[in-house]
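J.: Curious how this folds, go ahead:
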Amino acid sequence: MHTRSIIGTGAATAVLAMAVSAWAATAVGVRTTQANEALPAAGIDSVSGDSFLAWSQSRPGHRNLYDAYLKKNAEPAVKLNRRGRGWSGGLDTAEKVAVYQQARNGNSDVILYDWEAGTRSKPGLPVNTPKWEYDPSVSGHWLAFARLNASASPDVRRLLLYDRDAHTVVGLDTLRANVSRGTLVGGQVKGDWVVWSKVSGGWNTWSVFRHQISTGQTELVPRPSGRFDYAPSVTADGTMYFFRSGSVCGKSVGLRSYDTSGVTRLLFTLPAGRDAYKSYASDRGDGTVDVFYDSVRCAARPPNWNIYKVNVTPGSGLREALTARGSAGQAMSRMPVGAAAAGGGRP
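T.: Take a look at the predicted model:
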C-alpha cells in the first residue's frame, strides 16, 4: 500500500462556497465477486437500448493476472484478449466498438473489438509500437492512449490522441518519471473532450486535466492544497467527474463533478477506508449520468477490487467552489493498494 504525502503549494486553492442543495447519490454494485474487477467502461445504445459493460478481471488463483471482458445486457461475457494478459479500455456504442490493452511477450498494444462483426483489429503503427501502450479510450474517430518508453532513463510517459480517420497523432502530455517518481494515467475521451491524471513529485502531487480537442486547450482542474485529484472521466458536454481525497488511501474520498464554467460539486462520498482508481462516465440519455468506478478497501489483504456505479443529475450535488480555472497551456501520491496491478500492468 502506498501512502500519500501532503502535497505542497502550486495548485489553486479553492474557496468553499456551500449551496443549499445536498447530494443524494447512492452507489450500486456492478461487479462484486471475490475476483479483482477493475477498469470499468459502459454505455447504452441509444437506438437499441442495449447496455454494455467492459471491465478487467483477475484469473482464478492469480489475483494480479488480468483479462479484459465485454458484456452485452445479460448475455455471456466475451473475453477480449485472445492471448496474453488484457485490460479493458473504453467503448463507443454508436460505433459498436470497444478498445482494450493486450500484453504479450514483453510488449503491450492497443486493440479494437467490433462487437457486431465479432472482429479484432489493431490501429496500426501510429498507435502500436515496440513501446508499452496502455490506458486506451475510444469515442468516434478519436482514440486516446498512453505510451511508456521504459528504455529511457528516466523513462518517458506520454498521453496521445489518435485520429482514426486522418491517421495522425497529437501529444497531450508528457512526464519523465519512473515508478518512484510518478506516472500518467489515461482517463476517458468523449466527443470533443479528453481527460487524464498526472502523478508527479515522488507521488506527492496528483492532478487531473481536461482537454478540448477542437480548441487544443488543456486545463488543469484547480485543487485545494493538501488534496489529491485522480480517476477522471468526462461526458460529451465537457462535464468532468473525478475523485478527490486526503493524504492516505481511503481518507475523505469523494466523487466530484467539474463543469465547463469551472464549478466543482461534491456528488458522493466513499465509506472511510475505501478508495478508487478509475472512473467512467456514461450518459443515460434521460438527463442523468452513470459514473462507474472501481473501488478497494485499503486495509484488505489481499486487496479485492470491485466495480460500482453512481447515478447523478448534472448540476446536482453540493457546490464547493467557484474559482478561476487553472490553465496548463496549449500543450502539454497516492496509489490505492493493488492499483498498479489492476491498471494496465505499467512498470
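J.: Just want the phi and psi numbers for the spatially most central residue of the chain.
T.: Closest to where the C-alpha atoms of the chain average out (Cα atoms, centre = their mean) is Gly187, at 3.4 Å. Per-residue torsions, Gly187: phi -110, psi -110 (degrees, to the nearest 10).
J.: quick one: it and Ser207 touch, right?
T.: No - using Cβ atoms under 8 Å, Gly187 makes no contact with Ser207, being 11.9 Å away. In short, each C-beta sits where N, CA and C put it, glycine included.
J.: Report the contact partners of Ala281.
T.: Listed by Cβ atoms under 8 Å, 6 or more residues apart in numbering, the contact set of Ala281 reads 188, 190, 233-235, 239, 241, 289-292.
J.: joint contacts of Gly187 and Ser207?
T.: Shared contacts of Gly187 and Ser207, defined by Cβ under 8 Å, 6+ apart, are found at Ser197.
J.: tell me the two of the contacts of Ala281 that are most distant?
T.: Pairwise distances across these (Cβ to Cβ) peak at 15.1 Å, for the pair Thr239 and Phe292.
J.: Around Asn105, count how many other residues there are.
T.: By the criterion of other Cβ atoms under 10 Å, Asn105 has 7 neighbours.
J.: what's the closest non-adjacent residue to it?
T.: Gly84 (7.4 Å; Cβ to Cβ, 6 or more residues apart in numbering).
J.: quick one: contacts of the helix or strand where Ile307 lies?
T.: In this structure, Ile307 sits in strand 306-312 according to DSSP states H and E. For strand 306-312, the external contacting residues (Cβ under 8 Å, 6+ apart) are 25-33, 37-38, 40, 42, 55, 241, 255, 257, 267-268, 284, 288-296.
J.: Can you pick out the ones from these that are in strands?
T.: Taking DSSP state E, the ones among those that sit in strands are 27-31, 37-38, 40, 42, 55, 241, 255, 257, 267-268, 289-296.
J.: Using PyMOL, make a named selection holding only the buried ones among the residues you listed.
T.: Buried subset of the ones in strands among the contacts of strand 306-312, written as a PyMOL selection, criterion 16 or more other Cβ atoms under 10 Å:
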select buried, resi 27+30+31+37+38+40+42+55+241+255+257+267+268+289+290+291+292+293+294+295+296
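J.: Direction included, what does whichever strand or helix holds Ser88 pair against?
T.: Element membership for Ser88, per DSSP H and E: strand 85-92. Strand 85-92 has the following sheet partners, assigned by DSSP bridges: strand 97-104 (antiparallel).
J.: now stretch 92-110: how far from the chain's centre is it?
T.: Centre-to-centre, stretch 92-110 and its host chain are 15 Å apart (Cα atoms, centre = their mean, to the nearest Å).
J.: and Thr205, how many neighbours does it have?
T.: Thr205 has 21 nearby residues by other Cβ under 10 Å.
J.: How much space separates it from Arg223?
T.: Distance of Thr205 to Arg223, computed by Cβ to Cβ, to the nearest Å: 9 Å.
J.: what's the answer for Arg158, then?
T.: 23 Å.
J.: and stretch 55-63, C-alpha only, in CSV?
T.: The C-alpha coordinates for stretch 55-63 follow below in CSV (Å, rounded to 0.1, in the frame of the first residue of the first chain):
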residue,chain,number,x,y,z
TRP,A,55,-14.0,-4.5,-17.3
SER,A,56,-10.8,-6.2,-16.3
GLN,A,57,-11.0,-9.3,-14.1
SER,A,58,-8.3,-11.3,-12.3
ARG,A,59,-7.8,-15.0,-13.1
PRO,A,60,-8.7,-17.7,-10.6
GLY,A,61,-5.7,-18.3,-8.3
HIS,A,62,-3.8,-15.4,-9.9
ARG,A,63,-5.1,-12.1,-8.5
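J.: starting at the chain centroid, how far to that stretch?
T.: 19 Å.
J.: which parts of that stretch are buried?
T.: 55-58, 63.
J.: got it, and stretch 266-274?
T.: 266-268, 270, 274.
J.: From the residues you listed, which one has the minimum pLDDT?
T.: Lowest pLDDT within the buried residues of stretch 266-274 is found at Phe268 (93).
J.: which residues touch that one?
T.: Residues near Phe268 by Cβ under 8 Å, 6+ apart: 23, 25-27, 254-255, 310, 312.
J.: repeat that for 7 Å
T.: Shown in contact with Phe268 (Cβ atoms under 7 Å, 6 or more residues apart in numbering): 23, 25, 27, 254-255, 310.
J.: residue ranges with poor pLDDT in the stretch 201-347 of the chain?
T.: By pLDDT under 70, the low-scoring segments of the stretch 201-347 of the chain are 321-347.
J.: Closest one of the contacts of Phe268 to Leu318?
T.: Trp23 (5.4 Å).
J.: Look at that closest one and report its pLDDT.
T.: 50.
J.: re the thing from before, figure out how far the strand holding Ser88 is from the centre of its chain.
T.: 11 Å.
J.: Average pLDDT for it, rounded please.
T.: 98.
J.: any residues touching it, and which ones?
T.: 39, 41, 43, 52, 54-56, 65-68, 80, 97-103, 135-140, 188-189, 344-345.
J.: neighbours of Ser180, just the number please.
T.: Count around Ser180 with other Cβ under 10 Å applied: 8.
J.: That one in helix, strand or coil?
T.: coil (DSSP: H, G, I helix; E, B strand; the rest coil).
J.: what does Tyr69 give?
T.: Once three-state DSSP is applied, Tyr69 turns out strand.
J.: All set now, cheers.
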